Every structure is written in C-alpha cells, then in structure tokens.
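> one predicted model, sequence on top.
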Protein chains: 2
Amino acid sequence: MGDLYVPLDHGRGGVAAQVASGLRDAVCSGRLAPGDRLPSSRDLAADLGVSRGVVVEAYEQLVAEGFLVSRVGSGTRVAPAATRDRAAPAGDQEPYHDYQSRATSPDLGHFPRERWLAALRHALTTIPSDALDYGDPGGIPELREELAGYLRRVRAADVDPANLIIVGGVAQGLSLVLHVLAERDGRPGRGDREGRADPEGRADRAGRFGRGGRLGLAVEDPTSHRQVPLLRRAGADLLPVPVDERGLDVAALRDRPARAVLVTPAHQYPTGVVLSPARRAALVEWAREADAIVLEDDYDAEFRFDRDPVGCLQGLAPDRVVLAGSVSKALAPGLRLGWVVAPPALAGAIRLARGEFDLGSPVIEQYALAGFLRTGGYDRHLRRMRREYRRRRDALVRALAEHLPEVRVRGIEAGLHACLDLPAGWDEGRVVATARELGLAVEAVGPMRFAPGRPAVAVGFSRLPVHRAAEAVRELKLRMSG
Amino acid sequence: MGDLYVPLDHGRGGVAAQVASGLRDAVCSGRLAPGDRLPSSRDLAADLGVSRGVVVEAYEQLVAEGFLVSRVGSGTRVAPAATRDRAAPAGDQEPYHDYQSRATSPDLGHFPRERWLAALRHALTTIPSDALDYGDPGGIPELREELAGYLRRVRAADVDPANLIIVGGVAQGLSLVLHVLAERDGRPGRGDREGRADPEGRADRAGRFGRGGRLGLAVEDPTSHRQVPLLRRAGADLLPVPVDERGLDVAALRDRPARAVLVTPAHQYPTGVVLSPARRAALVEWAREADAIVLEDDYDAEFRFDRDPVGCLQGLAPDRVVLAGSVSKALAPGLRLGWVVAPPALAGAIRLARGEFDLGSPVIEQYALAGFLRTGGYDRHLRRMRREYRRRRDALVRALAEHLPEVRVRGIEAGLHACLDLPAGWDEGRVVATARELGLAVEAVGPMRFAPGRPAVAVGFSRLPVHRAAEAVRELKLRMSG
C-alpha cells in the first residue's frame, strides 16, 4: 500500500475533502480493493505533507460513507462491500443502512402504532394554536412535568421540570452538554480561557462553540464506536478508562485529567456490566473532588429482568450528574425524542445553546408523548415489551448454553443485548459476518476498544423470535466450526 | 450605573455564569430597575477584570431570559417587564414568550389540523417498521424527492434529492452549514488551519467543531437580531453590509473579508426589499470571484401577492448558493421541519455533521410531509392562505394610507410582514409598545441595525383580521398623537 496517489491542491482549502475524494476515487477505480489495509493516519499525513487531523477526518468521512471500516486506535481497511457499485457522489444518502444491525435496537414491529396515533390525534385536537408557534427551546412544560414525574418514579432520579430539557435523543443531549461544558470548563488549548483578560477584544466576536475550548472527557473502554465521532465533534478529547466486572475502574479514572466522564451505569455498552454500588459511590466522590461532571447515559434502563431496579446515578448526586435518556428503546429511535436533566446553571446553559442551535424540538410529538405518559400508555407498553424481551433473552441464553457452551454470556440482567466473550482464536469479524447472514443483530466489540482485549461480540435479542433462537445459534456453531 | 457589584470567584470557572447570576440578582433585588442602562460590555469587563466576551455572554444569556433588552452594537438596558416576578432560577423555562410577537409568524388558527392528522395517520399505517429505526441523518428519501420536485417547480431551484438535507428548520440548517464552513474554510484564528503540518499531532484529537475555525460571514444590515447569537455560536464573525432599495449593496460587500454571505433575496427581513436582478447577478459573480458561498434564507418566499414569482438565487448558481427553507410560514414553526440544498461536497459534509450531532430529524412527520406534498395538500393549503393573507395585507395597507399617511409602507409584495418607515421624531420603542397593546405583531427595526438608520418597524399582518385593521391603525394613530 505504498503507491497511494492522492492529488492535492494546498492553496484551495478543504484539504480533508480532497484527501477523502482521492481515496474514494482509489476505491472506485479498483486501485484499493475490499479488505486492503490503509496506511496509518500518521504515515499518510507525512506522505502527503498534511496534518494527521486531515487524514483522520478524511478516513472518518469515508467510514461514515461505508467505503472504509476502522477500529478505534487501530487499522483502517477498505470495507468488504466497497465496490464500484457502492461508489456514489458525496451528497448521496445511502450508507446508513448499518444502523439496522445495532444490537441495542428495540423490536419495531411492536411499536404501538394505533396508540401513538391516538396520542397524536388527542394532541392535535386539543392544543391551542399558539402551541404550534416558536416555543420554548427547552421543551413544552407539559412534557417536562410528565417526564420529571416518570424519572422520579421509575429511575429514582432527582428532577425538577425546570432542570429538564427536551432534546432530539441522547446523541443530541450529549452533543449539547459537551458543547456547553467545553465552552465553560474547557482547557484553553486553542481557545481563549473564560475570565482571562482579552486585550484585543476578540473573544466577544468568537461566540461560544467557536472558542475552541476542548474538554477532557473520560469514557468507558470499550465504548460505542458510533459515539466517538459525535463526542469529538462536540469538543471532547477522549480519555479511555477500563471497564471490569464491576464497571468503570474509578481508581484508574483518578489518573486522568478529565473534567467529565461519560458512563452507562445501569447496563454498560457493550459489556452489559452493571456499575457496582461501591463504584457508584466512588465515582460521585471523584466528581466532587475533581469538580467534574458525570454524564449518565441511561440508554436502556427501562428493561430489567432478574434483579431489583438500579436507580440512576443522578439521584445520588443531582449537583454533579447529568442524566440523558430517550424513548429510543421504549418506543422507537425514529421519534428522536429524549431528555437531559442537569444541575440548574448547566440546565440553563443547555437550553440557551439549544435555542441558539435550532430553536427546539417539534411540538406535536412532545404533546403526544406527554399524553402517552399521563394516561399510562407508556407504562403499559413497557410492561408488555419487558415480558416479551425477557422470553427472547431466555431463549437466546438457553440456546447458547446448549449449542455454544464455550461462549461466555454476560450482561443479561438488563437491556436489549448480551455480551458474548468468544473462545480464544475465534475471529470477531467472522462471527459477526456469519451471525448477520443468519439475521442476528451483532456487533464486534473490537472496534469499540481503545486497548486490546479478548474477542467479544454484542448480540441483540430484541428482534430474535423465541422459535428462531435455537436454530440460529446451532447454525452459527455449525458455520464457525466449518 | 457605576456601583454595579458583581461578586466573582475567578478560580471557580464559569465566570460568565457568575456575571449573569450577579446581574440577575441585581435586577431581582431592585438595584437595577426596568429601563436602566447597563455599562458597555467593554467597561464592565474592565471593572470586573474579565474578558469582554465574558460580559457579552452574560448579557446574551440575560437577554434570552428576558431580563435585559439589547440592540446590536448599541446599548443594553433592563427589560421594561423585568420585575421581581420575572426573576427565576437559571433552569426556569418561561422567558421565550416573545416569539409570539414575531412579525413573520403565520396565522396558526389556520393550521390544517385535520389534514395534517390524516397525513400522520397515513404515514403511521403504511410505513414499514424499519422506517422507525435509526435512519439516514440527511432525511427520508421520500421527503427529499418530494421537496426537490416542489422546489424545482415553485422556486425554480436546481435540486437533486441527493443534495437536499432535511433539517429542523432554517435555524438548524444555518447552524449546520456555518459549522461546516467554519471548519472547512475558516480563518485559522484560534484553530489549526486544515492542511498545515501539525507535528504535535494534536489536530486529530480536536475533532471538527472544536478546531475553533471562524468564518467571516457578511450579513444584511439590518438583519434579524434573533439570528445574531445563532450565527455567532455557529462560528461566524459578522460583517454587516448595507441594504438599500435594491437589496444588499454588493459593491460594499466586495470590501469585506467574507467567505460567505447570508441573504434574504425574495423578501429581505426586516425591510421587505426584493434583491434586484442586477444585484442577483452581481452577488453570484462576487461569490465566484471570491470563492465564497451564498446562504439564501428563503424564509417566506411561498407568499407572493402582486408580482411575478421571483425564482430563488440558488437556481442561478447551484454550485455557489446554499438554499435554506422550512414549513414554518406555510404550516407552523412548531413542526421544526426544513431543508437545506447545497453543492454536492458541502451537502455530504452537512449530512455528516447532522449525523454526528443528533442522528437526524424525527421520521413520522417527515413521512407525513412527504404525503402532504405528494397528494397536493400542501399546495392547496398555500393557495388558500395566500388569498387570505392578501386580503389582510390589503386591509392593513388601506388603513395605514387612510389613518397614518405620514408612515411609508414598504415590502408588501410578498411575505407576511410590511416595513413601516416612521416619521422623523417617532420613537420606535413607543410605537412597538403601543402597537403590541393593540394586539399587533410588531418589531422595532433599530435593534436589527448595525449602523444607525431611520426609525422603522416591521408589522406582521398574518394574524390581523380584515375587520380589525382600520380600528387598530386608527387607535395607534390616536395613542401616538396623545
């Protein structure tokens, strides 16, 4: 892979786009074949005489487009499916099909269409006309009230509706919180530090996102590789911290220069580990000592099967923890409806940022969700799905125990996926490819690791019918042995 | 106003929030009274020993909260309504009521609730379950197709669905485009310039928004004061360019170090001026010569009353113009549904940025809008509203001609507002306050100006019933003479 020719015009700007375009052409023309390994970003940057960041950006663009596949901190290759047929103009919209194979997605065949339509109808026939105007970027009061009550009741959260902001899902919630933290607490780095005298008077022209503040953000290792570009774009410099059987290693966290930490305490993604009570206390203690913020991604906490409910971390320390959640697992990701609960001053800044970014979320579905919560429809739907998912989980676990006893199954007390530790020598990529052929929603854990670890995969069971589980696992075993 | 005591703890961080909090306390405690003028940001910054940006941020926060009112480039005062009753914690959600008085809002009493509900029902009963999953952050293909056809037909735009991105309204569209342009073309400023060697390898950790690139953005003077914080937050340094009877003064634009310009060619906000054909050509020529991008905010172009349709600028130069529009005027702002059309490479980057910010817009209402367009419901609603708004506009213009002939009325060929040049000596603020008491949606033009100009107000006629026009104007005249 030494002869990678990428024509560049340094005077023209958009160098990363030029690099991406050159690599795309190389794939389309066949100079790079599926499976080919690309040079490290450092090497290619040196070859082309550009910064490493430019190459990283080009690679990220092509990964998003589906031309390349990449593991965190490791190699980048041409995607197996990247043929001439996949080649498309930059504006083309096709490559996001991979979301369909997320291990954490709910069974959308059970989306309560009629009851959701009834909630929409109720909203549309009762709200005043003014409610359809520009509204509060923090969300409609009715929904903030209902969600605050729900989170207090179900998640033992400590919530005042005034400190709850409606957002377009956990992704947007994290983006906003990180933007705000980076501008407030961010290391000066390339930006002006708040509060420092600025004799040239440039800071007021710089706005907020543009200040260039960066935030040291500790993240769990492994962590969802899909979230990494989002976290970086929002201003975070990632500081990986290992996860063990009791969750995030808080002792290791103490060595990191982090101003915030992002955790999934109820059911770690992808390992499925639950943060232990001692670790929860230690994490809060760290946050108080380090004057730091804990971001709690409560992504699938509605689904618990065998153990007592684990209250959210936010309830322990509402002054230190930001709780982010959504209806993506309980109802559907396509609704793009979520919430963020934050300490008062931070909540005010998040709401301001939301207003200055896009003026807030659509209102009709906010009213619909408020009604769905108020009438108990949300709780009933959750109870029904919890029973169904539990049956599916049990079927998968039974099938694995019977046909693949060499695989260790973890993290099945909650959520919509299990983590499978593979026997030594099994190739993650091959397991994933084979399982997907069999219709399983599987993701390799390798690309989610910052430090090397044993081979593992996350398997979603939400869409796996009970009668299919044994057959799918048996067939997987057969093909992996073949 | 020399004794403004604001306690600060410089070691604690969040200095802007501390300043905001101190000022809020001063208003609540009565030390600052409604109407009081605050020190200039430069003076207060010097007093407090902080950067001017910190004070600007604190002022912006308090303006957003309704405690202060401000004019671009001029003084800041305590809001007339800022009493102890208004005082509220930072997380409180109340202050956004001022959106209700936007001069450009449609009459939401005419929102087609039943037909919109039918479109939602059709979507919910026909879409496949997978459509409710994480989808393409650029929007569902069905809606992009319908909108591309609509924009080609109605706005003479040059659109390929692959280059159209669904966004949460024009505000979000502009935020995303500016973020992308600032990271691509931005001046190095505080950030690393793309393509420059980066021996320390820091750039790849910096992500995109965080690079701190700033974009020189020319804006119309006057321009909506509500958009200013959004533009700055997204990375723009504003470069005001005067608007005259033919629209933006393109000759003046040539002197500005702008990489992009934001214009409202079909119906300038707030003056109502239409960009002349010669200026349109000159603007495109400038963009080509300067290798710059024109952002076309097509915010109310659906409503034309007396003159031939003016095609959008984007149709003239699809390689240079980004077209942003929404359903906010045609249907309702609360739907938060809009679009951006951009040259292919930029469209790809915008879609990527959207995916890395929040994964895209809610899908059910996207399907509903696609169906509403496909079945002709959107066109029928627009035709009906155009007739109604024309009647209301005519009534307002007649009433002004009869009762306030000393007021010059401009910009009535299109849109939902007229611009009234006030006679010398009339006070904008008093006109606005009086008109609002009479239920008119009025906004002062002064706070939208960068350079001083004659007193003027923008008056919305969309919600002014025909039978109320004469009475309201007569009463305004009476009170202003009193």
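Sure thing, it's come through.
> so, low pLDDT: which residues of chain A?
Per-residue confidence for chain A (pLDDT under 70) gives these ranges: A:1-5, A:7, A:9-13, A:29-30, A:64-66, A:71-74, A:81-101, A:187-212, A:307-309.
> give the pairing partners of the lengthiest strand in it; include direction for each.
Once chain A is assigned using DSSP state E, the strand that runs over the most residues is strand A:236-244. Applying DSSP bridges, strand A:236-244 is found paired with strand A:215-221 (parallel), strand A:247-248 (antiparallel).
> export those strands to TSV and tack on mean neighbour count?
Heads up, the C-betas are built off the backbone N, CA and C, glycines and all. Below are the strands paired with strand A:236-244 laid out as TSV (neighbours: other Cβ atoms under 10 Å in any protein chain shown):
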stretch	mean neighbour count
strand A:215-221	25
strand A:247-248	26
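> which of those strands sits closest to B:Asp25?
Closest approach to B:Asp25 among these is made by strand A:215-221 (28.5 Å; Cβ to Cβ).
> I'd like the next helix or strand past that closest one.
Elements were assigned by DSSP states H and E; along the chain past strand A:215-221, the next helix or strand is helix A:227-233.
> what's the local residue count around the residue nearest to A:Ala26 when sequence neighbours are not counted?
Computed as Cβ to Cβ, 6 or more residues apart in numbering or on different chains, the closest residue to A:Ala26 that is not its neighbour in sequence is A:Leu32, at 4.5 Å. Burial of A:Leu32 is recorded as 22 neighbouring residues (other Cβ atoms under 10 Å in any protein chain shown).
> with A:Ala157 instead?
The criterion is other Cβ under 10 Å. On that basis, A:Ala157 has 25 neighbouring residues.
> helix, strand or coil for it?
With DSSP: H, G, I helix; E, B strand; the rest coil as the basis, A:Ala157 sits in coil.
> was I right to think it contacts A:Leu313?
No: using Cβ atoms under 8 Å, A:Ala157 makes no contact with A:Leu313, being 9.3 Å away.
> overlap in contacts of these two?
Applying Cβ atoms under 8 Å, 6 or more residues apart in numbering or on different chains, one finds that A:Ala157 and A:Leu313 are jointly contacted by A:Leu323.
> how deep is A:Arg389 tucked in, by neighbour count?
Not quite, residue A:389 is Tyr, not Arg. When neighbours are defined as other Cβ under 10 Å, A:Tyr389 has 22 of them.
> and the strands paired with strand A:236-244: which comes nearest B:Val457?
Judged by Cβ to Cβ, the one of the strands paired with strand A:236-244 that comes nearest to B:Val457 is strand A:215-221, at 43.1 Å.
> tell me which residues in stretch A:26-46 are buried?
Within stretch A:26-46, the residues that qualify as buried by neighbour count (16 or more other Cβ atoms under 10 Å in any protein chain shown) are A:26-28, A:32, A:34, A:36, A:38-39, A:41, A:44-45.
> hang on, I meant stretch A:347-357
Under the neighbour-count rule (16+ other Cβ under 10 Å), stretch A:347-357 has A:347-357 buried.
> is the residue of the stretch 51-200 of chain A found nearest chain B in a helix, a strand, or coil?
Ranking the residues of the stretch 51-200 of chain A by distance to chain B (Cβ to the nearest Cβ) places A:Gly53 first, at 2.7 Å. Assigned by three-state DSSP, the conformation of A:Gly53 is helix.
> gap between it and A:Arg77?
A:Gly53 sits 21 Å away from A:Arg77, taking Cβ to Cβ, to the nearest Å as the criterion.
> the two: which is more packed in?
When A:Gly53 and A:Arg77 are compared for neighbours, A:Gly53 comes out ahead with 25 against 16, by other Cβ under 10 Å.
> between the buried residues of stretch A:26-46, which is nearest B:His110?
With Cβ to Cβ as the yardstick, the closest approach to B:His110 among the buried residues of stretch A:26-46 comes from A:Cys28, at 50.3 Å.
> and that closest one, how close does it get to A:Pro34?
A:Cys28 sits 12 Å away from A:Pro34 when distances are taken as Cβ to Cβ.
> just A:Glu296 next, same as before
Distance, A:Glu296 to A:Pro34, by Cβ to Cβ: 40 Å.
> then A:Ser70?
A:Ser70 sits 14 Å away from A:Pro34, taking Cβ to Cβ as the criterion.
> do A:Val6 as well
Where A:Pro34 is concerned, A:Val6 sits at a distance of 19 Å (Cβ to Cβ).
> looks like A:Thr264 contacts A:Ala301 (just checking).
No: with contact defined as Cβ under 8 Å, A:Thr264 does not count as touching A:Ala301 (9.1 Å).
> higher neighbour count, those two?
A:Thr264 (27 against 24).
> not counting its neighbours along the chain, what's nearest that one?
With Cβ to Cβ, 6+ apart as the measure, A:Asp297 is the residue that lies nearest to A:Thr264, at 4.9 Å, once sequence neighbours are left out.
> for that neighbour, list each beta-bridge partner.
In this structure, A:Asp297 has beta-bridge partners A:Ala324, where bridges are defined by DSSP bridges.
> ok, it - contacts?
With contacts taken as Cβ under 8 Å, 6+ apart, A:Asp297 has the following neighbours: A:170, A:174, A:262-264, A:269, A:324.
> phi, psi of A:Phe461?
Phi and psi for A:Phe461, reported as degrees, to the nearest 10, are phi -110, psi 0.
> residues contacting it?
Residues A:389, A:392-393, A:395-396, A:416-418, A:469 are the ones in contact with A:Phe461 under the rule Cβ under 8 Å, 6+ apart.
> near chain B, which residues of the stretch 351-482 of chain A show up?
Residues of the stretch 351-482 of chain A lying close to chain B (Cβ under 8 Å from any Cβ of the partner chain) are A:351-353, A:355-365.
> quick one: contacts for A:Asp107?
A:385, A:388-389, A:462-463.
> just how off-centre is the helix ranked longest in chain A within its chain?
Of all the segments of type helix in chain A, defined by DSSP state H, the longest one is helix A:377-403. Averaging C-alpha positions (Cα atoms, centre = their mean, to the nearest Å) puts helix A:377-403 23 Å from its chain's average.
> what's the very next helix or strand once past it in contact with?
Where DSSP H and E defines the elements, the next helix or strand beyond helix A:377-403 is strand A:408-410. Taking Cβ under 8 Å, 6+ apart as the criterion, the residues outside strand A:408-410 that touch it are A:271-273, A:397, A:400-401, A:418-421.
> between the helix or strand just after strand A:408-410 and helix A:377-403, how big is the angle?
Taking DSSP H and E as the definition, the helix or strand that follows strand A:408-410 towards the C-terminus is strand A:417-421. Here strand A:417-421 runs at 20 degrees with respect to helix A:377-403, directions being taken by axes from the mean of the first three to the mean of the last three Cα atoms, to 10 degrees.
> and strand A:417-421, which strands flank it?
Using DSSP bridges, the neighbouring strands of strand A:417-421 in the sheet come out as strand A:408-410 (antiparallel), strand A:456-460 (antiparallel).
> would you tell me which of the ones you listed gets closest to A:Leu335?
Each of the strands paired with strand A:417-421 was scored for nearness to A:Leu335 using Cβ to Cβ, and the closest is strand A:456-460 (19.0 Å).
> which strands and helices lie in contact with whichever helix or strand comes after that closest one?
Next along the chain after strand A:456-460, taking DSSP H and E as the criterion, comes helix A:466-481. Judged by 3 or more Cβ pairs under 8 Å, 6 or more residues apart in numbering or on different chains; DSSP states H and E, the packing partners of helix A:466-481 are helix A:377-403, helix A:428-437.
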